[in-house]
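Undergrad: for reference, the sequence and a predicted model appear below.
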Amino acid sequence: MAKTLDRLDRRILEELQADARISNQELAKRVGLSPAPCWRRLRRLESGGFIEGYATLLRASAIGLPILAYALVSLENHHPESMQRFDLLVKERPEVLECHSMSGANDYLLRIVAASMEAYEHFLSTQLLRLAAVRSVNTSFVLRTKKFTTRLPVT
């Protein structure tokens, strides 16, 4: 974004990343504003596209999804119809959390969750590898997460 953020905007964004459920009253107190100007700045940050949205982060393993995989996908071709099918699969499958078009040897990087290795293999063999445009999928499984954050450095 070409828009600029001042010190107070950055503080607001930092506080919201730490606790998106913070009240406007508490947010204003933490950043050194009164509630009304704080609320106006927050609305400006939202409408300006600095804030994508608000979400509740779930612990995947706690809800029965202990398998986290990163799959590097290479396509056979990039014909519009093939790309459309791939995009539709990625969009519709709830186990695909992220899909990134990549530079380098592979075309896409997918972040995928599954209830078990068998569930992942089922997704792979009945969904992803069934697409004619998919040449190969190289999967790495997360053994342990050393760091996970959704917070961007705004300072």
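TA: Arrived safely, thanks for sending. Residues are numbered from 1 along each chain as shown.

Undergrad: what residue spans form the domains of the protein?
TA: As assigned by automatic domain parsing, the chain contains the domains 7-47, 60-141.

Undergrad: between those, which one is closest to Thr150.
TA: Closest approach to Thr150 among these (CB to CB): domain 7-47, 7.2 Å. Where you see a C-beta, it was placed from the backbone N, CA and C, and this is true even at glycine.

Undergrad: sec struct for Gln25, please.
TA: helix (DSSP: H, G, I helix; E, B strand; the rest coil).

Undergrad: isn't it up against Leu33?
TA: No - the pair Gln25 / Leu33 is not scored as a contact, 10.7 Å apart, by CB atoms under 8 Å.

Undergrad: below-threshold pLDDT in this protein: ranges please.
TA: 1-2 (pLDDT under 70).

Undergrad: and the strands in it?
TA: 67-75, 96-101, 108-114, 134-141 (DSSP state E).

Undergrad: settle it for me: which of Gln25 and Leu33 has more neighbours?
TA: Neighbours per residue, other CB atoms under 10 Å: of Gln25 and Leu33, the larger number sits with Leu33, 18 against 12.

Undergrad: next one: phi and psi at the more buried one?
TA: phi -120, psi 170 (degrees, to the nearest 10).

Undergrad: how close does it sit to Val90?
TA: The gap separating Leu33 from Val90 is 41 Å, by CB to CB, to the nearest Å.

Undergrad: show me what the residue nearest the centre of the chain bridges to in the sheet.
TA: When CA atoms, centre = their mean is applied to the chain, the residue found nearest the centroid is Glu98 (5.6 Å). Beta-bridge partners for Glu98, by DSSP bridges, are Arg111.

Undergrad: residue furthest from the geometric center of this structure?
TA: Distance-from-mean max, the chain, by CA atoms, centre = their mean: Ser34 at 32.8 Å.

Undergrad: mind listing what the closest residue to that one other than its chain neighbours touches?
TA: What sits nearest to Ser34 in space, not counting adjacent residues and going by CB to CB, 6 or more residues apart in numbering, is Ala28, at 6.0 Å. Neighbouring residues of Ala28 by CB atoms under 8 Å, 6 or more residues apart in numbering: Ser34, Pro35, Pro37, Cys38, Trp39.
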